[in-house]
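K.L.:
Please work out how this folds:
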Amino acid sequence: MKYLKNMTVQILVACVLGILFGLLVGPWASNLKFIGDMFIRLIQMSMVPLVMSSVIVATGSMSGKGAGRLAGLTFGWILGLSAVSALVAWGLSSLIRPGAGMAFTGTLDPSLAKSATETTGWQDTILNFVSKNVVDAMAQGNMVPIIVFSLLFGAALNAYVTKTGRTEVLHFMEQLQQIVLTMIRFVMVVAPIGIFCLLADLAGEVGFGVVTTALKYLGTTLLGVIILMVAFSLFTAAVTGIKLSALPGKLTEQTVVAVTTTSSAVTFPTVLRTAVEKLGVSQRVANFTLSIGLTMGSYGAVLNYTIVVMFLAQAGNVHLTAGQLILGMVLAILLNMGTITVPGGFPVVAMFLASAIGLPFQAIGLLIAVDWFTGMFRTFLNVNGDSLVALLVANHSKEIDMDVYNGVRTVSSEEIDPEEYEKQFQAADAAD
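P.N.:
Numbers count the residues shown, from 1 in each chain. Below is the predicted model of the structure:
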């Protein structure tokens, strides 16, 4: 019975019971959906202040040339792993050909096509990374403009603190971050109930038959996720020297939250806590790298959207030129940056990819039917990939506490005093 007190076990039990309950009662389970939606909203409403405070604190408290090095390493690893994800997707899709022989039999919501046509090109995609009104971006939950603003604010705060020595604003942002994290911990107490209701509704509405609608597509995506996760883990262990066998257990809790909510944003607090308390990553690196990775580190999305491009081309018997293929990969990397934090963005992204490359979009109806499952695969790789990037970045600046990783010492992400790590910060800056 002591195992039932563990949050991970509670969530796993809730997953199984939710699916079984939904299959048993059928469509009636939709009456529970509002409870699951409320749980998701309770988490999502905390994301903007958490991300803003985390990025501002990380950027505002950095000093020396190591700060720029940290940013360069973070973006470099994220974009590098994203490119690898796109290449693996292309290779698997060419080998398995998930779209070959597919036939469109359903209808597509006209509003999806309307939404897709509103996105005009890559220039606008990049332009929208910067908001004319950050308050509006906060209200809409547009995470990329929020992170851009937070980076600029943090850099300005860093310059102000360096010039004046006044740290009141920086300390306020640190306190705000810890308060929001505590609030989210309160919400996570009811996570098993929320997840039970979400999965009961899904199983009651669509059953297991939906999985077989595009089995090769699901299989290709899952195989890609497995290959990339294994490859990324082996590479990270080889570079950092961590004990590989201990890694899966440390990532279990965030993995369960990720695959059941299909949202990197909802999983973010757990990922942040896991990095510090289980992986031994310093608070400094965890705050900066994971906050950036929340929006940019979407390796599963890049994998999935590249497979979508190949799937649609194969379903419509369209031969992709090298230029179209490269464009599809680049768009997959760019577009996921603004959609990965919110579940349900797949249809619009898929429609845009089809329109931009000139692919038939009718077969998207087949993919939408199983997107909840591919969402699990995407989010699994997204959040765990971010954790591995945090390890890689922390390794470069020697900010992995191996005693914490090996379970010899225990730390809390709420109680960590940055002054305790001051010598390590200075050593990292000197090494850079």
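K.L.:
The most centrally placed residue in the chain and V408: what is the separation?
P.N.:
Computing the C-alpha centroid of the chain and ranking residues by C-alpha atoms, centre = their mean puts S264 first, at 3.6 Å. Separation of S264 from V408 (C-beta to C-beta, to the nearest Å): 30 Å. (C-beta placed from N, C-alpha, C; glycine too.)
K.L.:
about what we covered before: report the separation between the residue nearest to the centre of the chain and A100.
P.N.:
31 Å.
K.L.:
Equivalent analysis for T255, please.
P.N.:
32 Å.
K.L.:
same question, A237
P.N.:
Taking C-beta to C-beta, one finds A237 at 37 Å from A100.
K.L.:
the more surrounded of the two?
P.N.:
A237 (17 against 11; other C-beta atoms under 10 Å).
K.L.:
can you count the residues close to the residue nearest to that one when sequence neighbours are not counted?
P.N.:
Excluding the flanking residues, the one nearest A237 by C-beta to C-beta, 6 or more residues apart in numbering is L244, at 4.1 Å. Using other C-beta under 10 Å, L244 has 13 other residues around it.
K.L.:
which helices and strands sit right next to the longest helix seen in the chain?
P.N.:
Longest helix of the chain, by residue count under DSSP state H: helix 66-96. Packing partners of helix 66-96 (3 or more C-beta pairs under 8 Å, 6 or more residues apart in numbering; DSSP states H and E): helix 215-240, helix 283-296, helix 299-315, helix 322-335, helix 371-396, helix 422-431.
K.L.:
if we can go back for a sec, any idea how far the residue lying closest to the residue nearest to the centre of the chain once chain neighbours are set aside is from L170?
P.N.:
The shortest distance from S264 to any non-neighbouring residue, by C-beta to C-beta, 6+ apart, is to N382 (4.9 Å). If you measure N382 against L170 using C-beta to C-beta, the figure is 29 Å.
K.L.:
Looking at these two, which has the bigger crowd around it?
P.N.:
N382 (30 against 18).
K.L.:
what does stretch 42-58 contact?
P.N.:
138, 141, 143, 146-147, 149-151, 153-154, 157, 170, 173-174, 176-177, 180-181, 183-184, 187, 261, 263, 265-266, 268-269, 272, 284, 287-288, 290-292, 294, 341-342 (C-beta atoms under 8 Å, 6 or more residues apart in numbering).
K.L.:
give me the low-pLDDT residue ranges for the stretch 201-350 of the chain?
P.N.:
Scanning the stretch 201-350 of the chain for pLDDT under 70 picks out the ranges 206-214, 295, 334-348.
K.L.:
What degree of burial does A139 show, as a neighbour count?
P.N.:
The burial count for A139: 10, using other C-beta under 10 Å.
K.L.:
same thing with K250?
P.N.:
20.
K.L.:
so what pLDDT did the residue lying farthest from the centre of the chain get?
P.N.:
In terms of distance from the mean C-alpha position of the chain, T164 ranks first, at 36.9 Å (C-alpha atoms, centre = their mean). Predicted confidence (pLDDT) for T164: 90.
K.L.:
which residues does it contact?
P.N.:
By C-beta under 8 Å, 6+ apart, T164 has no neighbours at all.
K.L.:
Can you lay out the helices and strands packed on helix 66-96 as a markdown table showing distance to G60?
P.N.:
Shown next, in a markdown table, are the helices and strands packed on helix 66-96 (distance: least, C-beta to C-beta, whole Å):
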| stretch | distance to G60 |
| --- | --- |
| helix 215-240 | 27 |
| helix 283-296 | 10 |
| helix 299-315 | 28 |
| helix 322-335 | 28 |
| helix 371-396 | 18 |
| helix 422-431 | 14 |
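K.L.:
among those helices, which is nearest L12?
P.N.:
helix 371-396 (14.0 Å; C-beta to C-beta).
K.L.:
Give me the phi and psi for M45.
P.N.:
Dihedral angles of M45 (phi, psi; degrees, to the nearest 10) stand at phi -70, psi -10.
K.L.:
Could you report the pLDDT at it?
P.N.:
At M45, pLDDT is 79.
K.L.:
For it, grab the count of nearby residues.
P.N.:
Counted with other C-beta under 10 Å, M45 comes out at 13.
K.L.:
And the one 4 residues further on, by the same measure?
P.N.:
Each residue near P49 was counted by other C-beta under 10 Å, and the total is 16.
K.L.:
element containing it?
P.N.:
With elements taken from DSSP states H and E, the one containing P49 is helix 47-60.
K.L.:
what mean pLDDT does the helix or strand containing A14 have?
P.N.:
If you go by DSSP H and E, A14 is part of helix 7-25. What helix 7-25 shows for mean pLDDT is 79.
K.L.:
And the next helix or strand past that helix?
P.N.:
helix 33-44.
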